[in-house]
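Participant: return a 3D structure for these sequence lines:
(chains A, B, C and D)
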2 protein chains.
Amino acid sequence: MRPVPKKKRFHHGDLRRALLDAVIDLYAKDGPHAVTMRTVAARTGVTHAAPYRHFHSKQEMLAVVAEEGFGRLRAEIVESMATREDPLDRWEEIGVAYVRFAARSPCHFRIMYSSDLADRAQFPALRDAAADAFRLLLDVVIESQKAGRVRGGDAVELAVTAWAMMHGLAVLLLERQVTDVGRKLDQAEALARSASRTLREGLVAKV
Amino acid sequence: MRPVPKKKRFHHGDLRRALLDAVIDLYAKDGPHAVTMRTVAARTGVTHAAPYRHFHSKQEMLAVVAEEGFGRLRAEIVESMATREDPLDRWEEIGVAYVRFAARSPCHFRIMYSSDLADRAQFPALRDAAADAFRLLLDVVIESQKAGRVRGGDAVELAVTAWAMMHGLAVLLLERQVTDVGRKLDQAEALARSASRTLREGLVAKV
DNA sequence: ACCTGAACACCGTTCAAGT
DNA sequence: ACCTGAACACCGTTCAAGT
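Facilitator: Down below sits the predicted model:
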């Protein structure tokens, strides 16, 4: 009846969790190259075959990390949206939150959009998590249109336009392709806010 | 005095060129995973150590491909700009050309912005080629400001905003994260044009 | 049920040796 | 000067075997 003490049943209470955390740790410490099945396993104190009990492949393990990243992004967007009432203000806040997430959680962001996970059909849970985050933006667009605050037209297209702008900013800042601008978090946020407002003007223009 | 016939001096007349072309061929045919020193070498009929006579590393070889990509992008932008006189029209045309390039040359585009080449300080020629392309956009922004056609402010910031939007669109379309929208080239171009015009409205707004 | 140890087929890179 | 052949230290993945 009495179960074996959980602590010593296996090497880890929760190896799966430990592996996912190790991915981010190693990525943050030594870069994307340092994240291998072998280093991740070693960091959690198991051999490099052990992770295959919890994930079918390295790709799947990274997909779970990415999925969690989209969950966190969504939570942060929801939180930032709560500070505003006006739909256009909310729109702006989403964009700023998106870029801020990329700046604060660069490892998650890079894994979320890594080319190895581009085939979303292969990772339904990841696709859904990404869609849930996008849905927040889409809802605000629809709300803004209903309130007559932005021009009509395909809501998805407008949402994609806004998303593209923020995604582009996040990527360019993260990859340091924007000369020095991305070094300070404040600058990244300020740039995102400025870009958001420019876009807002453009969207309001044709109401 | 008489040199050895060029044709048979070595296995290739221009192995370097053949290797660079093989990178794109393999990428287009079998994806990024298929591009290894060994497959690239095999495709050009040499052993996998031979490329090291022409490039210090795989990374450097890809950097040269990326550099050529930026050259082609720049040429296409110049060509598309020539069709317009008005600075704001030129601006729009740059954006469309950027997205069109990504849609037509996805392999080059992906290599140009691959995370492995993110450290531009390591590849000065690549950095310069990218800067040359960005310079086209920046010049149009400055021209537009001088003509009083868009609001004032830091020209680099405005140019980055425009670049970010088009880059974001290109990336999202290429990675098929925009649901189905990116399947047809025409749709990608149309979306880019629409987004460009929205942005233009936003930039004109505060003149 | 979960992990180990050894093996397999791959990588990128180096280097003595050939021509 | 340019390429080969063999070696090295890595990968991701598989699987019989242990507990």
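Participant: kindly report the residues of chain A close to chain B.
Facilitator: Residues of chain A lying close to chain B (CB under 8 Å from any CB of the partner chain) are A:32, A:110, A:113-115, A:118, A:120, A:130, A:156-157, A:160-161, A:163-169, A:171-172, A:175-179, A:181, A:191, A:194-195, A:197-203, A:205-206. Quick note: C-beta positions are derived from backbone N, CA and C, even for glycine.
Participant: at 7 Å instead, please
Facilitator: A:32, A:110, A:115, A:118, A:157, A:160-161, A:164-165, A:167-169, A:171-172, A:175-176, A:178, A:191, A:194-195, A:198-203, A:205-206 (CB under 7 Å from any CB of the partner chain).
Participant: where are the low-confidence patches of chain A?
Facilitator: A:1-12, A:177-185, A:206-207 (pLDDT under 70).
Participant: switch to 90 and redo it
Facilitator: Residue ranges of chain A with pLDDT under 90: A:1-13, A:174-188, A:201-207.
Participant: which stretches of it form helices?
Facilitator: According to DSSP state H, chain A carries its helices in the segments A:6-9, A:15-30, A:37-43, A:58-81, A:87-104, A:106-112, A:124-146, A:155-174, A:185-204.
Participant: can you select the buried ones from the residues of chain A next to chain B in PyMOL?
Facilitator: Selection of buried members from the residues of chain A next to chain B for PyMOL, criterion 16 or more other CB atoms under 10 Å in any protein chain shown:
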select buried, chain A and resi 110+118+157+160+161+164+165+167+168+169+171+172+175+178+191+194+195+198+199+200+201+202+203+205
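Participant: DNA strand C next: which of the residues of chain A next to chain B are close?
Facilitator: For DNA strand C, no contacts are drawn from the residues of chain A next to chain B by CB under 7 Å from any atom of the strand.
Participant: how about the residues of chain A near DNA strand D?
Facilitator: So chain A meets DNA strand D at A:35-39, A:48-49, A:52, A:56-59 (CB under 7 Å from any atom of the strand).
Participant: could you rerun that using 10 Å?
Facilitator: Contact residues, chain A versus DNA strand D (CB under 10 Å from any atom of the strand): A:10, A:30, A:33-42, A:47-53, A:55-62.
Participant: buried only: go through these for me.
Facilitator: A:35, A:37, A:39-41, A:50-51, A:55, A:58, A:60-62.
Participant: looking at those, which is nearest residue B:93?
Facilitator: residue A:62 (38.5 Å; CB to CB).
Participant: quick one: the residue nearest to residue A:143 when sequence neighbours are not counted from residue A:144, how far?
Facilitator: Once flanking residues are discounted, residue A:143 sits nearest to residue A:87: 4.8 Å by CB to CB, 6 or more residues apart in numbering or on different chains. According to CB to CB, to the nearest Å, residue A:87 and residue A:144 sit 4 Å apart.
Participant: and those two? which has more neighbours close in?
Facilitator: Set side by side, residue A:87 and residue A:144 show more neighbours around residue A:144, with 23 against 20, by other CB atoms under 10 Å in any protein chain shown.
Participant: quick one: that one and residue A:90 touch, right?
Facilitator: No: counting by CB atoms under 7 Å, residue A:144 does not reach residue A:90; the two are 8.5 Å apart.
Participant: now tabulate the buried ones among the residues of chain A next to DNA strand D in JSON lines and tack on distance to DNA strand C.
Facilitator: As requested, those are exported to JSON lines (distance: CB to the nearest atom of the strand, whole Å):
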{"residue": "A:35", "distance to DNA strand C": "16"}
{"residue": "A:37", "distance to DNA strand C": "10"}
{"residue": "A:39", "distance to DNA strand C": "14"}
{"residue": "A:40", "distance to DNA strand C": "12"}
{"residue": "A:41", "distance to DNA strand C": "7"}
{"residue": "A:50", "distance to DNA strand C": "4"}
{"residue": "A:51", "distance to DNA strand C": "8"}
{"residue": "A:55", "distance to DNA strand C": "11"}
{"residue": "A:58", "distance to DNA strand C": "13"}
{"residue": "A:60", "distance to DNA strand C": "15"}
{"residue": "A:61", "distance to DNA strand C": "13"}
{"residue": "A:62", "distance to DNA strand C": "18"}
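Participant: closest one of the residues you listed to residue A:186?
Facilitator: Using CB to CB, those come closest to residue A:186 at residue A:35, 29.2 Å.
Participant: for the closest one, grab phi and psi.
Facilitator: phi -90, psi 90 (degrees, to the nearest 10).
Participant: please apply the same query to residue A:86.
Facilitator: phi -60, psi 130.
Participant: same question, residue A:47
Facilitator: Here residue A:47 shows phi and psi, under degrees, to the nearest 10, equal to phi -80, psi 170.
Participant: quick check: the gap between the residue nearest to residue A:143 and residue B:59.
Facilitator: Residue A:87 is 46 Å from residue B:59, by CB to CB.
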